[in-house]
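Peer 1: Sequence first, predicted coordinates after that:
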Amino acid sequence: MNPRTGCILPLTEPVDSLGDYLDRGGGEGLATALRHEPEEVIAEVRTAGLRGRGGAGYPTADKWASVRASGGPTRYVVCNAAEGEPGTFKDRFILRRNPYLVLEGTAIAAYAVGASRAFVVIKRRYEQEIARLQGALAELTEAGLLGPVTVQLVLGPDEYLFGEEKAALEVIEGGEPLPRIFPPYRLGVFAKRDACNPTAVNNVETLAHVPTILCNGAGWFRSSGTDTSPGSTVFTVSGDVRSPGVYELPFGLPMRVLLDLVAGGPANGGRIKAVVPGASAGLLTEGGLDTALDFESMRAAGSGLGSAGFVVYDDSTCMVAATLTFARFLAVESCGQCPACKHGTAEIAEALERLERGLGSEKDLDTVRQKSGTVTSGSRCALPLGAEALVGSALAAFGDEFTAHVGRPCPLPRDLPVPKFVDFDDVTGRFHYDERYRLKRSDWTYAAGPEAGAVRSA
Ligand SMILES: Cc1cc2nc3c(=O)[nH]c(=O)nc-3n(C[C@H](O)[C@H](O)[C@H](O)COP(=O)(O)O)c2cc1C
Ligand code: SF4
């Protein structure tokens with residue numbers, strides 16, 4: 001390919017109108033793609049080393065190539081804008097600032113895999129982002145700037161599972177967000193016995209990187225980041241830091257730099273005790289803050305990059321309580337199709353709650369240990385992996401705190417929200433939390449009873 005460099009802005013630069021977008025090089029990525037064969041487009045994305053930003057870091061070119069190679073004439077692309085990972089606001093941030101880029105990336109993906117139809121799945125309650133997407137879609141379609149693909153918005157429910165790719169397909173088909181068994185590249189949207197309709201599901205941010213890669217070239221993309229995690233990503237930092245926010249930075253910088261220099265360091269003069277990368281990977285402790293922020297280094301440190309959303313807890317935090325907030329979130333969001341996940345997530349959350357209330361026993365601690373090792377058994381989706389990884393890492397790093405809770409009230413009783421964000425105020429740099437998930441220990445009452453667990457909420 002013969003790229004023209006410098007034609008597109010960073011993902012998070014605000015773009016107000018189609019004219020503004022075109023002035024800054026918008027549309028060049030798709031135009032470049034359409035001048036080449038789809039296989040060449042996939043090859044360029046492979047050379048760039050683009051990896052999925054939806055959580056797993058899967059190579060985008062490999063996903064597209066397997067959808068393209070799958071049988072049948074009908075293929076689809078799904079842009080995943082459901083964003084439900086606790087501690088993450090990057091996709092909504094990008095959509096608010098530059099929906100054109102995401103739609104152009106979706107159109108390039110459709111051309112690459114050979115799809116004539118694409119869907120953008122988004123939560124119904126994300127009204128600002130829907131309005132921006134609708135406006136941009138109308139403008140791009142009218143200007144003929146989406147190539148041969150038709151893009152449709154699909155508004156869905158608030159559940160965490162709506163963002164799981166197999167559940168998202170169910171919602172597109174008019175169903176509930178219940179993950180099916182086969183992956184989308186094998187059984188896609190509207191699949192039937194004689195038509196498997198392979199579908200490429202990609203995260204908003206993944207697709208937003210694609211036009212810049214096509215326009216500026218794989219070499220440009222690789223000039224930042226690391227060898228195995230090239231380019232930049234959009235980090236969300238929340239919790240006990242002075243400047244919570246959404247920041248676009250190259251992969252590979254140490255976690256400590258992100259937290260101290262970019263996010264202002266610990267709030268209230270405390271020390272960082274733990275960093276939780278959403279509800280899908282293990283936590284990092286203070287000793288792990290020099291870990292480089294790339295897929296491999298985070299995994300090697302026993303954690304994971306997830307969707308690059310980090311929740312910071314300082315030393316005023318009870319780690320049993322912090323673990324409980326995530327465990328309870330996962331138990332509530334489990335759809336119950338797989339027995340080990342349905343029962344395991346619930347039992348872990350109940351045992352942790354008893355421990356946190358000072359009413360737990362050694363048996364509860366054993367339950368947490370044992371169930372976090374079996375909760376993923378026979379699972380259709382990766383939701384319970386979060387319970388395994390996060391609870392397991394908390395037990396490993398803060399075992400003494402868990403043991404100290406047996407039969408004793410919590411020494412650090414601070415209300416903690418689950419960082420499920422409903423909004424982010426760009427001006428004040430504040431996240432607004434979904435208050436339904438707040439762990440309000442100040443409201444708890446303790447019922448005296450013979451059984452550990454005879455507790456109720458006020
Ligand atoms: C419970 C659960 C929730 C998820 N939610 C999202 C989400 O909101 N957005 C997203 O892009 N991916 C989400 N994923 C990951 C998707 O299943 C899928 O891997 C991703 O959209 C693929 O895009 P990528 O290859 O560009 O990363 C979720 C996965 C699980 C298990
Ligand atoms: S693993 Fe859990 S959340 Fe996923 S499909 Fe099974 S029961 Fe539902």
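Peer 2: That came through fine. Ligands and ions are numbered 1, 2, ... in the order given.
Peer 1: For the residue of the stretch 1-150 of the chain found nearest ligand 1, give me phi and psi.
Peer 2: Nearest to ligand 1, among the residues of the stretch 1-150 of the chain, is G52, at 2.3 Å (CB to the nearest ligand atom). Backbone N, C-alpha and C define where each C-beta goes, glycine included. Per-residue torsions, G52: phi -60, psi 140 (degrees, to the nearest 10).
Peer 1: I'd say it and T206 touch.
Peer 2: Yes - contact criterion CB atoms under 8 Å: G52 and T206 qualify, at 5.0 Å.
Peer 1: These two: which has the busier surroundings?
Peer 2: T206 (26 against 21; other CB atoms under 10 Å).
Peer 1: Tell me which helix or strand the more buried one sits in.
Peer 2: Using DSSP states H and E, T206 sits in helix 204-216.
Peer 1: Show me how far that helix is from its chain's centre.
Peer 2: Centroid separation between helix 204-216 and its chain, computed with CA atoms, centre = their mean, to the nearest Å, is 18 Å.
Peer 1: how many neighbours does V375 have?
Peer 2: Quick note: V375 (other CB under 10 Å) scores 30 neighbours.
Peer 1: now do T74
Peer 2: Other residues close to T74 by other CB under 10 Å number 17.
Peer 1: The top helix by length along the chain - what's its average pLDDT?
Peer 2: When the chain is parsed with DSSP state H, its longest helix is helix 339-356. Averaged across helix 339-356, pLDDT comes to 95.
Peer 1: does ligand 1 sit close to that helix?
Peer 2: No - Helix 339-356 lies apart from ligand 1 when judged by CB under 6 Å from any ligand atom; the minimum separation is 10.5 Å.
Peer 1: Give the next helix or strand downstream of that helix.
Peer 2: According to DSSP H and E, the helix or strand after helix 339-356 is helix 362-374.
Peer 1: residues contacting I348?
Peer 2: A327, A331, T367, V368, K371, S372, V375, A387, V391 (CB atoms under 8 Å, 6 or more residues apart in numbering).
Peer 1: can you redo those as CSV with pLDDT and distance to C318?
Peer 2: Shown next, in CSV, are the contacts of I348 (pLDDT from 0 to 100; distance: CB to CB, whole Å):
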residue, pLDDT, distance to C318
A327, 95, 14
A331, 95, 19
T367, 96, 19
V368, 96, 15
K371, 96, 20
S372, 93, 18
V375, 93, 22
A387, 94, 19
V391, 96, 15
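Peer 1: any chance of those residues in TSV, plus distance to ligand 1?
Peer 2: Below are the contacts of I348 laid out as TSV (distance: CB to the nearest ligand atom, whole Å):
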residue	distance to ligand 1
A327	14
A331	13
T367	23
V368	21
K371	18
S372	17
V375	13
A387	11
V391	16
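Peer 1: What count of nearby residues applies to the closest residue in space to T236 that isn't next to it in sequence?
Peer 2: Of all residues not flanking T236 in the chain, G309 sits nearest, at 4.0 Å (CB to CB, 6 or more residues apart in numbering). For G309, the neighbour count with other CB under 10 Å is 27.
Peer 1: Identify the residues contacting G309.
Peer 2: 85-90, 235-238, 277-278, 419.
Peer 1: now with 7 Å?
Peer 2: Taking CB atoms under 7 Å, 6 or more residues apart in numbering, we find G309 in contact with E85, G87, T88, T236, P277, G278.
Peer 1: Tell me the buried residues in the longest helix of the chain?
Peer 2: Under the neighbour-count criterion of 16 or more other CB atoms under 10 Å, helix 339-356 has 341-356 buried.
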